[in-house]
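Colleague: Whatever this is, show me its structure:
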Amino acid sequence: MRARRHRATNAQGVRGSAAIRATKAWSVWGSAAILTLSTLGCDDEGTPPSVNRAPEATGAIPAQALVHRNTPVFMSACDPAWVSDFHFSNAARYRLADVTSTMTTAAHQERVLFLWGGVDAAGAPRLDPAFVLDAPPSLPRSEGPHQIIGRDADGAELFALRFPMPVIADGDGSSSFVFALPVREEWADALASIALSGPGGSFTLDRNSDRPMAILRNPETGQIRQIMRDLPTGRAGREAAERAGSETGFEVLFSRGIPDPADWKR
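Modeller: You can find the predicted model right below:
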C-alpha cells in the first residue's frame, strides 16, 4: 500500500498538502476530509445532489453527461465514483498555479533543526532522530498540549515549542508533525537532549540514543529522495548510509537521535 500526497486549497483558503496511506477506494475522499475540503452526501437513492445532474434545463450537454446521469463524483460518499469536470478543472487549476509559484518564488532557506515525530493510536509520543539541514523555517502556528524541549547537559533549556498535535480525519488516532526550527550557533556543542511530552506521556532523545536514520537529498535542489530507516546500530549505520549516498550521488544526512557536532558545521 503506497503513501500518496494530496495538495489542495481548503474552504478557508489555506493551501497545503497531506500524505496518507490508504486504500484506493478511500484515498481521494479521505484525503479531502484531511484537507478540510467540502464533500457531498448521498440522497435516499445513493446519488449526490445536483453536481452531477445532466443534461441541463437549457438542453446543453455538460461534461458530466459523458457518463450516466446518476453516477456520483469521487467527492461524494457514494459508489461507484468518477471525476467530474468541476473537480478536474479545480485540480488542474491548482497544479498550474502550484508549478508557476514553485518556478517563480524561491522559499527562503536557512540552517534549521529538523524536528519530527508524532503519537501512536494510544496517544504515546515518539520522536524521530533530529537533523541539521538547510530548509525554510516551519514553526507551530498555535500552542497546544504537546511540547518539545531541547536542553544542554546541565538541563538548561535551549528551546521550547508548544503545539497541538495534528488530527487526521477518519484515522486510527495516530498522528505526526514536522517542524524546522532556526538554529543558534551555540547549540552545536550544547544540545544534549530533545524531549517530546504530552497527555500520553513523554519520549526523549539524547546523545546515547542509537536510532540511526539517514536522509538522502539531491545535492543541487535539496529535494529529499530517500529516507533510510532500520539501519544497523553503531558505526555500521552511518557506513551503510554513506555507501548508499556514494552509489546514488545523493547528499547524506545522518543522525542517531541528536545531530553530531560535525553535522552542524557541514
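
Colleague: Dig out what residue 161 forms beta bridges with.
Modeller: Taking DSSP bridges as the rule, residue 161 bridges to residue 148.

Colleague: What count of nearby residues applies to it?
Modeller: Neighbour count of residue 161, defined by other Cβ atoms under 10 Å: 18. No exception for glycine: its C-beta is placed from N, CA and C like everyone else's.

Colleague: distance of it from residue 150?
Modeller: Per Cβ to Cβ, to the nearest Å, residue 161 is found 9 Å from residue 150.

Colleague: what's the answer for residue 221, then?
Modeller: Residue 221 is 29 Å from residue 150, by Cβ to Cβ.

Colleague: and these two? which has more neighbours close in?
Modeller: Between residue 221 and residue 150, residue 150 has the larger neighbour count (other Cβ under 10 Å), namely 23 against 8.

Colleague: Specify the local secondary structure of the more buried one.
Modeller: strand (DSSP: H, G, I helix; E, B strand; the rest coil).

Colleague: and residue 190, what does it touch?
Modeller: By Cβ atoms under 8 Å, 6 or more residues apart in numbering, the contact set of residue 190 is 152-153, 158.

Colleague: let me redo that: residue 180
Modeller: Residue 180 is in contact with 112-115, 135-139, counting by Cβ under 8 Å, 6+ apart.

Colleague: Repeat the analysis, applying 10 Å as the threshold.
Modeller: 109-116, 131, 133-139 (Cβ atoms under 10 Å, 6 or more residues apart in numbering).

Colleague: From the structure, what's the count of residues near the residue lying closest to residue 201 once chain neighbours are set aside?
Modeller: Distances taken as Cβ to Cβ, 6 or more residues apart in numbering put residue 124 closest to residue 201, at 5.6 Å, once the chain neighbours are dropped. Using other Cβ under 10 Å, residue 124 is surrounded by 14 other residues.

Colleague: ditto for residue 135
Modeller: 17.

Colleague: isn't it right up against residue 115?
Modeller: No. Contact criterion Cβ atoms under 10 Å: residue 135 and residue 115 do not qualify, at 11.6 Å.

Colleague: so where do the helices sit in the stretch 101-250 of the chain?
Modeller: All helices of the stretch 101-250 of the chain, identified by DSSP state H, counting those that start in this stretch, fall at 187-190, 235-248.

Colleague: between the contacts of residue 190, which is nearest residue 120?
Modeller: Nearest to residue 120 among the contacts of residue 190 is residue 158, at 27.1 Å by Cβ to Cβ.
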